[in-house]
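Participant: Make a model of this:
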Amino acid sequence: MKLNKQLSGIAGEYYVAAELSRRGYLAAITLRNSDGVDILVSNIDGDKLFSIQVKSTQNKRKWILSKKVEAEFSEKKYFVFVNIPADINLQPEFIIVHSKVLADNIYNGHRDWLSKPGKNEKIRNDSTVRQFDPRYFQPLELLNWDKLIAKIDE
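Facilitator: Numbers count the residues shown, from 1 in each chain. Sure thing, here's the model as predicted:
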């Protein structure tokens, strides 16, 4: 089933909140107009707090971002990229990245892209659009749920 952008975003947030809740964390989804934070997360004791920005897509492994991602990072912020399959019998794919790792990679990747000639060897124009593609990250830079929880519990 093909979802529109709004439903894909909502589904992604609830999938992430459910995964965190399954692992013993309180996950509070913020209001739709909360810029930069989609889910506030805490352990049961309330002494481990962090935030999550969720980016969802359907049947793709690339996510469009804005230039803001290069400057919006924090020790306690993570991005969770959700790929929701069109087949409702399949589970979504989650790719988790610390916000600083994402910011650095997106910044450096965009600079590299700008430095190379585009179509017909023309110089590329800068834009505010960025793209997250997990193929361009080192395996240790990408987290799974267990690695995320381990980092938070440090």
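Participant: so Asn89 is in which element?
Facilitator: Asn89 is part of no helix or strand when elements are defined by DSSP states H and E.
Participant: Use 26 as the first number for this chain going forward.
Facilitator: Renumbered: residue one is now 26, and that last one reads Asn114.
Participant: Pretty sure Arg149 sits in a strand.
Facilitator: No. Read with DSSP: H, G, I helix; E, B strand; the rest coil, Arg149 is coil and lies in no strand.
Participant: what about it, distance to His135?
Facilitator: Using C-beta to C-beta, to the nearest Å, Arg149 is found at 10 Å from His135. (C-beta placed from N, C-alpha, C; glycine too.)
Participant: These two: which is more packed in?
Facilitator: Using other C-beta atoms under 10 Å as the criterion, Arg149 and His135 rank with His135 on top: 19 against 13.
Participant: Assumed that one was part of a strand.
Facilitator: No. The assignment for His135 by three-state DSSP gives helix, which leaves it out of any strand.
Participant: ok, which stretches of this protein are strands?
Facilitator: 50-54, 64-68, 74-83, 88-91, 102-109, 118-123, 154-157 (DSSP state E).
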